[in-house]
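> the following block contains a protein sequence and its predicted model.
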Amino acid sequence: MTQLYKEKYRQQFHFSPEEKWMNDPNGMVFFNNEYHLFYQYHPFGTTWGPMHWGHAVSKDLIHWEHLPIALYPDEHGAIFSGSAVVDWNNTSGFFQNGPGLVAIYTSADNYPDSERPRQRQSLAYSTDNGRTWTKYEGNPVLSDVNITDYRDPKVFWHEETNKWVMVLATGQSITIYTSPNLKDWEFASEFGDNAGSHDGVWECPDLFQLPVDGDENIQKWVLFVSIGDNHDFKEGSRTQYFIGDFDGTTFVNENTDETILWMDHGRDNYAGVSWSDILAEDGRRIYIGWMSNWRYANQVPTEDWRSAMTLPRELSLTSSEDGVRLVQKVVPEINSIRKGSQGYQNLTIESNQPTSFNMFSPLMEVNMEFEKQTSNSFGIVLQSSEDEKTVIRYDVEKELISVDRTNAGDNSFSESFPAVQNASLKTKNDRIKLQIFIDASSIEVFANDGKVVFTSLIFPNQPYEKIVLFSNEGNIRVSSLKLTELDSIWGK
Ligand code: FRU
């Protein structure tokens, strides 16, 4: 048997469970110096099945310690996605000695004597830093017989109105509820029936506030909505976001209903939400997503385990000529796994004369900056000895960046997998900056400081070993190129 975390395609610096199936991140909360990560987990198989909450903790968001399963299915059904909060003031009455953790999740079963799915919201609480959990005897705390897709509660404390707020996915909309105590919920408003993308069922919302351009005096609210797979659309499942205002009751979208904002332009970032209760002195809004896609998640070619999470990313808002947009940056804690690096400066890549560099490690971070010259398309190829490759290309005229995985490696498991992933991107002072993270079966590309992001699975049969810079019909300057070896987070 292959050693644990040394299996083919096993991600080395991304979170994955030791074995079996994982999907959405759940219940992310920071408490007593630990980041908790729960996740949709099927402990008896490598495909989706009766859902439990798996559990891991971290001090730095990069290195994870696995803990026993936190929540098991019960008389109300399986444990679908949800969130966790610190109940600082014991509003719930669950805690006698100081604050504790409350998980708010979807109990999923069927209506009695029926095949119709039933989804209701339930609570569990922990007085020992999430190590053990007690289900609330009054479960479920929120249900609605008229709505079938009724799930994925994300809860936060709204200071101004002194209430808990829940955003819940309700078919093709998000419904907002409020509560004084996490147990009694009241309808507040509904958003989204006509707004954004309705290419699939709405799932896994999140709602939080961020300053624009770092200015604490200008605050906007961000609403995440993941939309499920639909065979009419090649992209499969993906996540959109809205920007607007929230007064404790109603979310107001500041864009037109027709505006669709995608959070990631790669195929493999789904159901992500942000951490709750990160301390004010830290102040970050940190996000993690499930690095897969419902279109083929159950088929990806890994054997003993399935799926990993994205790298943790700090979210921020920036204003642009098109409006306020989301920016994602890998958290600086990634520095703890950076090893040796090689740097190059002021290279000129001549027209149709590709230049290659040895990757010296299969786990790599690439930082580089292209400076536009006469070229009409340029980019970087990651390539293995077997000639499998992932191509990142910028088209100058179309102002389009793409990540092409059509020949990246094993594609055999799904017709939907080979793909050229595209996004519009303008140069900044004639420059394109790229930060690329390459793990055993994924690549994450952050363009122009995280304004455009691609998260993409790849399954190369041999690790990529060289980087090729190319330029077509004209030259390009590479003002800097830095290759940094990354360490595995497992097995030390
Ligand atoms: C999203 C999702 C959620 C649901 C969970 C079930 O990927 O479909 O809506 O709670 O997965 O595992």
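The structure has been received and is ready for your questions.
> all contacts plus neighbour counts: C-alpha atoms, from now on.
Noted.
> how about the residues of the stretch 251-400 of the chain near the ligand?
Contact residues (CA under 6 Å from any ligand atom) of the stretch 251-400 of the chain with the ligand: Ala271.
> and what of the stretch 51-200 of the chain?
Phe80, Ser81, Arg151, Asp152.
> for the stretch 1-150 of the chain, give me the ranges with low pLDDT.
The stretch 1-150 of the chain contains residues with pLDDT under 70 at 1.
> pretty sure Gly228 sits against His198.
No: using CA atoms under 8 Å, Gly228 makes no contact with His198, being 9.2 Å away.
> who's more crowded, the two?
Gly228 (22 against 17; other CA atoms under 10 Å).
> domain ranges for the protein, per the record?
Split into domains by automatic domain parsing, the chain comes to 20-330, 336-486.
> just to revisit the earlier point, just the ones of the residues of the stretch 51-200 of the chain next to the ligand in strands?
Per DSSP state E, strands hold the following members of those: Phe80, Ser81, Arg151, Asp152.
> now these in JSON lines, with neighbour count?
Below are these laid out as JSON lines (neighbours: other CA atoms under 10 Å):
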{"residue": "Phe80", "neighbour count": "27"}
{"residue": "Ser81", "neighbour count": "29"}
{"residue": "Arg151", "neighbour count": "29"}
{"residue": "Asp152", "neighbour count": "29"}
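> minimum distance to the ligand, which residue of the stretch 251-400 of the chain gives it?
Ala271 (5.5 Å; CA to the nearest ligand atom).
> now the residue of the stretch 201-350 of the chain found nearest the ligand, which residues is it bridged with?
Nearest residue of the stretch 201-350 of the chain to the ligand (CA to the nearest ligand atom) works out as Glu203 at 4.6 Å. With DSSP bridges as the criterion, Glu203 is bridged to Ser226.
> wait, it touches Phe224, no?
No: using CA under 8 Å, Glu203 is not in contact with Phe224, being 9.2 Å away.
> element containing the most centrally placed residue in the chain?
With distances taken as CA atoms, centre = their mean, the chain has Gly289 as the residue nearest its mean C-alpha position (1.9 Å). Following DSSP states H and E, the helix or strand that holds Gly289 is strand 286-290.
> packing partners of that strand?
In terms of contacts (3 or more CA pairs under 8 Å, 6 or more residues apart in numbering; DSSP states H and E), strand 286-290 is packed against strand 20-31, strand 270-274, strand 313-320.
> packing partners of the following helix or strand past that strand?
The helix or strand immediately downstream of strand 286-290 is strand 305-306, counting by DSSP H and E. Under the contact definition 3+ CA pairs under 8 Å, 6+ apart, strand 305-306 sits against strand 20-31.
> angle of the strand it packs on against strand 270-274?
Between strand 20-31 and strand 270-274, the angle comes out at 20 degrees (axes from the mean of the first three to the mean of the last three CA atoms, to 10 degrees).
> re earlier: and for the residue of the stretch 201-350 of the chain closest to the ligand, the neighbour number?
27.
> quick one, what contacts it?
Arg151, Asp152, Ala169, Thr170, Gly171, Val225, Ser226, Ile227, Gly228, Ala271 (CA atoms under 8 Å, 6 or more residues apart in numbering).
> same question, Asn293
Asp229, Gly236, Ser237, Arg238, Arg267, Asp268, Asn269, Tyr270.
> check whether the second one sits in a helix, strand or coil.
In other words, Gly236. Look at Gly236: counting by DSSP: H, G, I helix; E, B strand; the rest coil, its state is coil.
> neighbours of the nearest residue to it once chain neighbours are set aside, how many?
Distance criterion CA to CA, 6 or more residues apart in numbering; nearest residue to Gly236, sequence neighbours excluded, is Asp229 at 4.5 Å. Other residues near Asp229 come to 19 when the count uses other CA under 10 Å.
> Lys398 too?
12.
> count the residues that sit near the residue nearest to it when sequence neighbours are not counted.
Of all residues not flanking Lys398 in the chain, Ser424 sits nearest, at 8.0 Å (CA to CA, 6+ apart). For Ser424, the neighbour count with other CA under 10 Å is 13.
> contacting residues for Ser424?
Contacts of Ser424 (CA under 8 Å, 6+ apart): Lys398, Glu399, Leu400, Ile401.
> looking at those residues, which are in strands?
Applying DSSP E to these, the entries found in strands are Leu400, Ile401.
> can you pull the pLDDT of the residue nearest to Lys398?
As predicted, Ser424 sits at a pLDDT of 97.
> then the one 4 residues further on?
You'll see Lys428 listed with a pLDDT of 90.
> not including adjacent chain positions, what is the nearest residue to it?
Asn448 (7.7 Å).
> please report the distance of Leu71 from the ligand.
13 Å (CA to the nearest ligand atom, to the nearest Å).
> what is the neighbour count of Glu160?
8.
> check contacts around it.
Gly248.
> phi and psi next, for it.
phi -60, psi -40 (degrees, to the nearest 10).
> against the ligand, how distant is it?
Glu160 sits 29 Å away from the ligand, taking CA to the nearest ligand atom as the criterion.
> contacting residues around stretch 115-124?
Contacts of stretch 115-124 (CA under 8 Å, 6+ apart): 102-111, 133-136, 139-145, 148-151, 153, 183.
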